[in-house]
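Peer 1: predicted model and sequence below, questions to follow.
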Amino acid sequence: MINDILSLIRKHEKWRGKECINLIPSENAMSPAVRSLLSSDLGQRYTSTDKFYMGTQFLDEIEQYGEKLAKDLFRSETADLRPLSGHIADLIFLGCFTKPKDTILCVSPTDGGYPGIWEKGATDFLQLRRIQFPFSQEKMNINVDEAIDLILRIKPKVIIFGASLFLFPQPVLEITKAIRELDIHVGYDGSHVLGLIAGGEFQDPLREGASVLFGSTHKTLFGPQGGIILADQEHGKIIKERIFPAFVDNAHWNRIAALTLALAEMKEYGKRYAEQIVVNAQTLGKALDEHGFPVSCRGQGYTKSHQVFLDYGGYKQGRLVVQKLEKANIVADCGVRLGVCEITRRGMEEEEMQKIAELMKRVVIDNEEPLLVKRDAIELVKEFQEIKFCFK
């Protein structure tokens, strides 16, 4: 039995870690130092805010150090590293600032919004009424004037900016300036773009009118899988008072230690990393467009994030495309959102984006046998096995 389990893990690590071009925008690669902390003794320890457990001196210091790094990096008044995922961070925000039958406004999943706060997600669980932002599919962004009119009319309790398909900064400043007289809690789900925000390459939600910035820590932010919440003093105080034990009990301290080190790496290397991500994404988008792929938002430069969107009209056709790519060791999701965070962290730059676009063309456009392309994909990946933008 043990050999079966270990064999499966070894096969996975060889394939996904060493032989695949990973274009899933929800994933990234941790540095060896960050990964090592996940297997530390911290992973089998408990602590709690009420000091029920003894022996927590160093766990407490690690948490304080991590919160300070997070506050410095995102220029927030408070920080909390305890959410176990980005989804839990969403749930904490909604749970702290809404009550049943309140109305929230966010981007609909049909426009690229996060399904976890839509139908059958957290809003159903919390018995909230959902309204979707007016949205331009052509520009892949919120319609400002229509959104302001809608907010002034319905007066939602909560607004959440952010999305899962996230190509461009959203009009946080324009909208919050127009509604500042209303008593609305404004949150920003930065799950996909936290690393770009930290690196100064996307937008700055906490300066643009959002009170709370939250999300997952393993997409453009290259930490372990988990969540984080950054907030102003008023909202952060409420969150810290309520998060334990309602939403998080044991917060997985090995993860918090690993996240703390990843935040330190981001503080040191985040600007260069974020700049390269945006350059890579735009280069990949342009190259794919030139090869005949249905790349969204050509007139806007394709993207200002880590994502490039190939618009095949839905998951059914998208699935057929990514199934062919997977046979060539090019891994993407069925929405055909292509993310460059992991390949950037492995050191790939503009030249490699051109090569990846050519490999994809051979599979999808030219209908070349995927197994032939696979050999070339593996050869490319072999050149980029070392994680960059991290402490040596």
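Peer 2: Now that the structure is in, tell me what you want to look at. Residues are numbered from 1 along each chain as shown.
Peer 1: my read: residue 20 touches residue 329, true?
Peer 2: Yes. Between residue 20 and residue 329 there is a contact at 4.7 Å, judged by C-beta atoms under 8 Å. Any C-beta I mention is one placed from the backbone N, CA and C, and that applies to glycine too.
Peer 1: okay, these two: which has more neighbours?
Peer 2: residue 329 (23 against 20; other C-beta atoms under 10 Å).
Peer 1: shared neighbours, residue 20 and residue 329?
Peer 2: Listed contacts common to residue 20 and residue 329 are 377, 381; contacts here mean C-beta atoms under 8 Å, 6 or more residues apart in numbering.
Peer 1: what's around residue 200, how many residues?
Peer 2: 12.
Peer 1: okay, and it sits in which element?
Peer 2: Following DSSP states H and E, there is no helix or strand that holds residue 200.
Peer 1: that one and residue 271 touch, don't they?
Peer 2: Yes. With contact defined as C-beta under 8 Å, residue 200 counts as touching residue 271 (5.9 Å).
Peer 1: which neighbours do those two share?
Peer 2: Joint contacts of residue 200 and residue 271 (C-beta under 8 Å, 6+ apart) do not exist.
Peer 1: quickly list the domain ranges of this protein.
Peer 2: 33-263, 270-382 (automatic domain parsing).
Peer 1: make JSON lines from the ones you listed and add distance to residue 26 and mean pLDDT to it.
Peer 2: Below are those laid out as JSON lines (distance: least, C-beta to C-beta, whole Å; pLDDT from 0 to 100):
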{"stretch": "domain 33-263", "distance to residue 26": "6", "mean pLDDT": "97"}
{"stretch": "domain 270-382", "distance to residue 26": "7", "mean pLDDT": "97"}
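Peer 1: how many residues are close by residue 309?
Peer 2: Residue 309 has 22 neighbouring residues, counting by other C-beta under 10 Å.
Peer 1: and it, helix, strand or coil?
Peer 2: Local secondary structure at residue 309 is given as strand here, using DSSP: H, G, I helix; E, B strand; the rest coil.
Peer 1: do the same with residue 214
Peer 2: Classification of residue 214 using three-state DSSP returns strand.
Peer 1: how about it, what does it touch?
Peer 2: Contacts of residue 214 (C-beta under 8 Å, 6+ apart): 83, 86, 89-90, 92-93, 187-191, 227-231.
Peer 1: check these against residue 390 and report the nearest one.
Peer 2: residue 228 (18.7 Å; C-beta to C-beta).
Peer 1: please name the residues that touch the residue lying closest to that closest one once chain neighbours are set aside.
Peer 2: Distance criterion C-beta to C-beta, 6 or more residues apart in numbering; nearest residue to residue 228, sequence neighbours excluded, is residue 217 at 5.3 Å. Counting by C-beta under 8 Å, 6+ apart, residue 217 touches 86, 194, 223, 224, 225, 226, 227, 228, 259, 262.
Peer 1: next, give phi and psi for residue 217.
Peer 2: phi -110, psi 20 (degrees, to the nearest 10).
Peer 1: quickly find the element holding residue 176.
Peer 2: Going by DSSP H and E, residue 176 is in helix 172-178.
Peer 1: what's downstream of that helix, the next helix or strand?
Peer 2: Defined by DSSP H and E, the subsequent element after helix 172-178 is strand 185-189.
Peer 1: keeping just the C-alphas, turn that following strand into CSV.
Peer 2: C-alpha atoms of strand 185-189 as CSV (Å, rounded to 0.1, in the frame of the first residue of the first chain):
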residue,chain,number,x,y,z
HIS,A,185,-18.8,47.7,3.0
VAL,A,186,-16.5,47.5,0.0
GLY,A,187,-14.3,44.4,-0.4
TYR,A,188,-11.9,43.3,-3.1
ASP,A,189,-11.2,39.6,-3.8
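Peer 1: so which bits of the helix holding residue 176 are buried?
Peer 2: In terms of neighbour count (16 or more other C-beta atoms under 10 Å), helix 172-178 has its buried residues at 172, 173, 175, 176, 178.
Peer 1: in CSV, list the residues you listed along with distance to residue 107.
Peer 2: Putting the buried residues of helix 172-178 into CSV (distance: C-beta to C-beta, whole Å) gives the following:
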residue, distance to residue 107
172, 12
173, 17
175, 12
176, 16
178, 18
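Peer 1: out of these, who's nearest residue 277?
Peer 2: Distances from residue 277 to the buried residues of helix 172-178, taken by C-beta to C-beta, are shortest for residue 172, at 20.5 Å.
Peer 1: how about the closest one: what's its closest non-neighbour residue?
Peer 2: residue 208 (4.1 Å).
Peer 1: these two touch, right, the one you found and residue 175?
Peer 2: No. Using C-beta under 8 Å, residue 208 is not in contact with residue 175, being 9.2 Å away.
Peer 1: circling back: what is the helix holding residue 176 packed up against?
Peer 2: Applying 3 or more C-beta pairs under 8 Å, 6 or more residues apart in numbering; DSSP states H and E, one finds that helix 172-178 contacts helix 144-154, strand 185-189, helix 205-208.
Peer 1: and among these, the most buried is which?
Peer 2: strand 185-189 (a mean of 26; mean count of other C-beta atoms under 10 Å).
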